[in-house]
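Peer 1: from the sequence below, what's the structure:
(2 chains)
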Number of protein chains: 2
Amino acid sequence: MLVRLLGIRGTAVAIMVLAAVAAAAAGSLSQERTGASHPVVDSHGNLRVPDDYRTRYEALGAWAVRTGTAAAVAQMHLVYASPRAIEHFRALGRFPDGTVLVKEVWDADTAPMTTGTVSHPGQLKGWFVMVKESRDLHPENKLWGDGWAWSWFDADKPTKTTSTDYTRDCKSCHVPARMTDWIYVNGYPALRK
Amino acid sequence: MLVRLLGIRGTAVAIMVLAAVAAAAAGSLSQERTGASHPVVDSHGNLRVPDDYRTRYEALGAWAVRTGTAAAVAQMHLVYASPRAIEHFRALGRFPDGTVLVKEVWDADTAPMTTGTVSHPGQLKGWFVMVKESRDLHPENKLWGDGWAWSWFDADKPTKTTSTDYTRDCKSCHVPARMTDWIYVNGYPALRK
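Peer 2: Okay, the predicted model is just below:
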């Protein structure tokens, strides 16, 4: 009865749709893995800023940075994590391999508003991108190490890093967070269960 | 041939999967609409904080708020928008009906870090929730008006607002943004094309 209702053409369509659904599910599971086909990592282990992370990724948190003795907020940092990273962290207590973290660095704009003296992202300076990978996939690449790939990108070059050695360009700022896999997880309430 | 391969049981499963896919697609299109079945709005127009917005919603932006003459950041506000709100705003120049905005209000924690004196979300105080609706769906509800539904939620009561009249409890802080549909859109770079 159902077969007659659907017919052979309908069944074929159903199979194609099922296949497409299965392919999409498989793709979404694997796309954040770090390999040659990773959208953020090329075959040499070089990173890039992921496309559309503002709508595809999850919001991890934000930081307001004052520098020197100035009262004004100098920078705002907005941090995003690849899909399901928050869910995985809540379950595992760590970011699984393939997790991508993107930190936008903004010069802050500050103005009096109805709630006080308020800062918000003004001009984008660039991005820090980190990709979690516990295997030593790119021993020849000096932007890989300590379980992560690390790179900075100027705002006008999201596909080409200016970093050359993560131990010099990136790691030093993360040393206080070395006990939490180099990430300041305490600043991200979204990771709490 | 395909029918024989799949069999009647297979066809029935395929139909169920197709129906589920269709229902999911229809649901995702309509679930952010403001009606009795809206996950954020009940049949009387009362709002609640949406479930899982941290992983389901898009990050709209962040604010760092200093109050009085103190240098320290007092609060961090993290703002989320319902799925596709950013895409729609970029295309239309406005938030379409059904858009849900969630603003987390955090007491800030501030500490010296490697980049300076840095603040991040510490203790959650609560949420502002706004739902865009250009029709006058709930004229009897004092939390609806000016094209939005408005409510504040204390951190321990995400399903029951303490707001009683949006003109008194919510609108006054938004008056400077009345020309941009009451939202401080200039603080959200994600909305730029």
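
Peer 1: tell me which element the most centrally placed residue in chain A falls in.
Peer 2: The residue lying closest to the centre of chain A (CA atoms, centre = their mean) is A:L101, at 2.6 Å. Using DSSP states H and E, A:L101 falls within strand A:100-113.

Peer 1: run the chain-centre distance for the helix or strand following that strand.
Peer 2: Using DSSP H and E, the helix or strand that follows strand A:100-113 in sequence is strand A:116-132. Centroid displacement of strand A:116-132 relative to its chain, using CA atoms, centre = their mean, to the nearest Å, is 13 Å.

Peer 1: what's strand A:116-132 packed up against?
Peer 2: strand A:75-81, strand A:100-113, strand A:148-154, strand B:58-66 (3 or more CB pairs under 8 Å, 6 or more residues apart in numbering or on different chains; DSSP states H and E). For glycine as for every other residue, the C-beta is placed from the backbone atoms N, C-alpha and C.

Peer 1: need the ones you listed in TSV with distance to B:W106 and mean pLDDT, can you?
Peer 2: Shown next, in TSV, are these (distance: least, CB to CB, whole Å; pLDDT from 0 to 100):
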stretch	distance to B:W106	mean pLDDT
strand A:75-81	14	97
strand A:100-113	17	95
strand A:148-154	27	98
strand B:58-66	10	95
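
Peer 1: export the ones you listed to JSON lines and tack on distance to B:W144?
Peer 2: Output for those, formatted as JSON lines (distance: least, CB to CB, whole Å):
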{"stretch": "strand A:75-81", "distance to B:W144": "31"}
{"stretch": "strand A:100-113", "distance to B:W144": "25"}
{"stretch": "strand A:148-154", "distance to B:W144": "44"}
{"stretch": "strand B:58-66", "distance to B:W144": "22"}
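
Peer 1: what's the domain layout of chain A?
Peer 2: Following automatic domain parsing, one gets these domains for chain A: A:1-30, A:34-191.

Peer 1: isn't the residue nearest to the centre of chain A up against A:W127?
Peer 2: No. Using CB atoms under 8 Å, A:L101 is not in contact with A:W127; the gap is 10.1 Å.

Peer 1: still on that earlier bit, give me whichever of the domains of chain A is most buried.
Peer 2: Among these, the stretch with the highest mean neighbour count (mean count of other CB atoms under 10 Å in any protein chain shown) is domain A:34-191, at a mean of 18.

Peer 1: how far does it sit from the chain's center?
Peer 2: 6 Å.

Peer 1: return the residues in contact with the nearest residue to A:P112 once chain neighbours are set aside.
Peer 2: In this structure, A:P112 finds its nearest non-sequential neighbour in A:V118, 7.5 Å apart by CB to CB, 6 or more residues apart in numbering or on different chains. By CB atoms under 8 Å, 6 or more residues apart in numbering or on different chains, A:V118 lies in contact with A:110-112, B:63-66.

Peer 1: cool, and A:G68?
Peer 2: B:G116.

Peer 1: report the secondary structure state of it.
Peer 2: For A:G68, the assignment made with DSSP: H, G, I helix; E, B strand; the rest coil gives coil.

Peer 1: which sections of chain A are below the confidence cut-off?
Peer 2: Chain A contains residues with pLDDT under 70 at A:1-37.

Peer 1: for the nearest residue to A:L47 once chain neighbours are set aside, give its distance to A:C170.
Peer 2: The spatial neighbour of A:L47 that comes closest, neighbours along the chain excluded (CB to CB, 6+ apart), is A:S151 at 4.4 Å. Here A:S151 is placed at a distance of 8 Å from A:C170 (CB to CB, to the nearest Å).

Peer 1: do the same with A:L60
Peer 2: 18 Å.

Peer 1: leaving out chain neighbours, which residue sits closest to A:F89?
Peer 2: A:L191 (5.0 Å).

Peer 1: bridging residues for the residue nearest to A:P112?
Peer 2: A:A111, B:V65 (DSSP bridges).

Peer 1: same thing with the one 10 residues further on?
Peer 2: Going by DSSP bridges, A:F128 is paired in beta bridges with A:K103, A:W152.

Peer 1: so A:Y184 is in contact with A:A177, correct?
Peer 2: Yes. The criterion here is CB under 8 Å, and A:Y184 meets it with A:A177 at 4.8 Å.

Peer 1: mind listing the shared neighbours of the two?
Peer 2: Common neighbours of A:Y184 and A:A177 (CB under 8 Å, 6+ apart) do not exist.
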